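> 3D, please:
(chains A and B)
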Amino acid sequence: METQYRKDARVAIIALPPLFADGTSLARGAAELEELRQEIAWDRDIRCLVVSGRNVFAAPDAAQRSYVQLYNSDLPEPLTPAAVLARFDIPTIAVIEADARGPGLELALACDLRVCSPASRFSMDHLKTDDLPMDGGIQRLGRLVGRGAALGLVLIPEQLDAEAARAMGLVTRIAERPMELALTLANGIGEMAPVAVRYSKEALQKGMDMSLEQGLRLEADLYFLLQCTDDRTRGISAFQGKTRPQYEGR
Amino acid sequence: MLFKGKRGRSMRAAEIPAVMANFDTIAYRRQESIARITLNRPSAMNVYSIRMRDELFEVLEAIRTDQEIRAVVVDGAGEKAFCAGADLSEFLTAASPNEARLTRNERDIWSLFLQIRQPVIAALHGYVIGSGIEIAMCCDIRLASDDVRFRLPEPSLGILPGAGGTQTLPRAVGRGAALDMLMTNRWVDASEARRIGLVNRVVPRAMLLPATFAIAEQIAARDARAVRLAKQAATRGLDLPLSEGLDLERKLARLLYHQRARNVDRDEFKRG
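This is a model prediction of the structure:
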């Protein structure tokens, strides 16, 4: 397995291999990631996922051809890395150490939060080579930054600097050492009640694809389902007794 | 725990006396066509309680159908907070999740709040935490004083926002900023709130109420029907596919002109 995985307390850290060399490496990367996702889904010690990878978000020019190969292959429903990242039920943080462009940016967009370095640059430059985003990029970009800003990035494929990306909501935070900040955020998430965190993410991400009325219903139903957890009692009792809660995910 | 509401009772807000004395947790006042709801538990930083829910429900239901009210202002009493969240001393008292869910569905304060036809303007100061943010998000326009501080602590308390926050907040600030607030439990100050679109305007503390009422008065001076229809088109339209949103906008515009034409006919008829 080329995809590297390690646990640091309650945080899962995945280092992606270069994914975009050809269709086979895309398919293999997605399959490995899906295998890890299933393992992590049942590992209740894990509360947050940090996704990194040497230059993986700065996809090479050949990346687009790799997607064409993958989609033209015999696989009936080819799984892609971004599609797998979007399936995680725990919060996911993309660590963008260098640039994020094209299919690499699509990968980062499949995470919940994005942390980058002050020198990071961003572009959705598929149109420069007469290509289209193929891993959910246009859909996720529009839903994240709004359609005006998304159309601007796709149709006028200029590079944005980190500050501009933050201003439009494309990245969450900028830090000199993005991995350190991501781990700090992840550890903070690890301190929270895990079921409440997962339900918050589900209510927010799924609810945004529904009408407001349906989304309110989803949130309310998850809210009442959460009342069956021990953690809720622990959290509220700790607040009432001014102590620090220890959550067990039950 | 079942609510103590008086079923079937409907009161027009204009019939509620200009200052109501019989509410415990809110204060309701009406100045001509502007209604003002003040969260009024200053000693408890205006935390949201079951009692507050019932009182808000009564007032909002009355406001919603009252043609004479043209704008609504929501603010918080006391120096420290607009609203510091839900009253956690009442948590863990529900008989069962199923009964709590039934109560919620029968007395759905948040859906009612989001269905108020008149523009609702929030004046936010001090702590705006958890349910406080959710109340603010039920409003259409949000003003904040420069001392405002927002935070969503729910997942760190083992709970979820349950007043629509996971839905209304990302619809205002986008999913990235909403997830950032929800997953990190960090403070957001006035300038960041302005930058991410959590509030429309930031003013000095002394100017908060005057600026809020200035907007309410501007709105109240406009054609009330046009204002209500514009709010409806903007809020309901965003939940629809674009083609249906365009249909809705056209339908509401035609309704407005049709009603206006009818009024002109009626006035001419009266004049003979």
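> I'd like to know how far the nearest residue to residue A:120 once chain neighbours are set aside sits from residue B:120.
For residue A:120, ignoring the flanking residues on the chain, the nearest one in space by C-beta to C-beta, 6 or more residues apart in numbering or on different chains is residue A:162 at 4.7 Å. For the C-beta atoms, the positions are set from N, CA and C on the backbone; glycine is no exception. Using C-beta to C-beta, to the nearest Å, residue A:162 is found at 37 Å from residue B:120.
> Tell me, how many residues neighbour the residue nearest to residue A:120?
A total of 23 residues lie near residue A:162 under the criterion other C-beta atoms under 10 Å in any protein chain shown.
> Ramachandran angles for it?
The phi and psi values for residue A:162, taken as degrees, to the nearest 10, are phi -60, psi -40.
> what's near enough to touch the residue of chain A found nearest chain B?
Nearest residue of chain A to chain B: residue A:235, at 2.5 Å (C-beta to the nearest C-beta). Residue A:235 makes contact with A:193, A:196, A:245, A:247, B:156, B:157, B:158, B:159 under the criterion C-beta atoms under 8 Å, 6 or more residues apart in numbering or on different chains.
> contacting residues around the last one?
Pointing back at residue B:159 there. Neighbours of residue B:159 in contact, by C-beta under 8 Å, 6+ apart: A:193, A:196, A:223, A:226, A:232, A:235, A:236, B:91.
> So the residue positioned nearest the centre of chain A, which state does it fall into?
Centroid-nearest residue in chain A, with C-alpha atoms, centre = their mean: residue A:111, separated by 1.0 Å. Here residue A:111 is recorded as coil under DSSP: H, G, I helix; E, B strand; the rest coil.
> Does the lengthiest helix in chain A pack against any helices or strands, and if so which?
For chain A, the helix that runs over the most residues, judged by DSSP state H, is helix A:23-41. Helices and strands touching helix A:23-41, by 3 or more C-beta pairs under 8 Å, 6 or more residues apart in numbering or on different chains; DSSP states H and E, are strand A:11-15, helix A:63-71, helix A:81-85.
> Using CSV, write down the CA coordinates of the last one.
Once non-C-alpha atoms are left out, helix A:81-85 reads as follows in CSV (Å, rounded to 0.1, in the frame of the first residue of the first chain):
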residue,chain,number,x,y,z
PRO,A,81,-10.0,9.9,-4.5
ALA,A,82,-12.2,13.0,-4.0
ALA,A,83,-15.3,10.9,-3.9
VAL,A,84,-13.9,8.7,-1.2
LEU,A,85,-12.7,11.7,0.9
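> Compute the mean per-residue pLDDT across the helix or strand residue B:233 falls within, please.
According to DSSP states H and E, residue B:233 maps onto helix B:224-237. If you average the pLDDT over helix B:224-237, you get 93.
> For the residue of the stretch 101-250 of chain B found nearest chain A, give me its contacts.
Residue nearest to chain A within the stretch 101-250 of chain B: residue B:158 (2.5 Å; C-beta to the nearest C-beta). Contact analysis of residue B:158 by C-beta under 8 Å, 6+ apart lists A:193, A:196, A:226, A:229, A:231, A:232, A:233, A:234, A:235, A:236, A:245, A:247.
> With residue A:154 instead?
By C-beta under 8 Å, 6+ apart, residue A:154 lies in contact with A:124, A:126, A:127, A:133, A:138, A:141.
> Residue A:248 now?
For residue A:248, the contact set (C-beta under 8 Å, 6+ apart) comprises A:230, A:231, A:234.
> Buried subset of the residues you listed as a PyMOL selection?
To isolate the buried members of these in PyMOL, using 16 or more other C-beta atoms under 10 Å in any protein chain shown:
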select buried, chain A and resi 231+234
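> about what we covered before: direction included, what does the next helix or strand along the chain from the longest helix of chain A pair up with?
Downstream of helix A:23-41, the first helix or strand assigned by DSSP H and E is strand A:48-52. Its sheet considered, strand A:48-52 pairs with strand A:11-15 (parallel), strand A:92-96 (parallel) by DSSP bridges.
> pull the CA atoms of strand A:48-52 into PDB?
Listed next in PDB are the C-alpha coordinates belonging to strand A:48-52 (Å, rounded to 0.1, in the frame of the first residue of the first chain):
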ATOM      1  CA  CYS A  48     -10.700  13.500  12.900                       C
ATOM      2  CA  LEU A  49      -8.800  12.900   9.600                       C
ATOM      3  CA  VAL A  50      -5.900  15.000   8.400                       C
ATOM      4  CA  VAL A  51      -5.100  14.500   4.700                       C
ATOM      5  CA  SER A  52      -1.700  15.400   3.400                       C
END
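> which stretch of helix or strand covers residue B:59?
According to DSSP H and E, residue B:59 maps onto helix B:50-64.
> Low-confidence bits of the stretch 151-272 of chain B, can you list those?
B:272 (pLDDT under 70).
> Spell out which residues of it are next to chain A.
Within the stretch 151-272 of chain B, the positions near chain A by C-beta under 8 Å from any C-beta of the partner chain are B:154-162, B:164-168, B:170-171, B:174-180, B:182-185, B:195-196, B:238-240.
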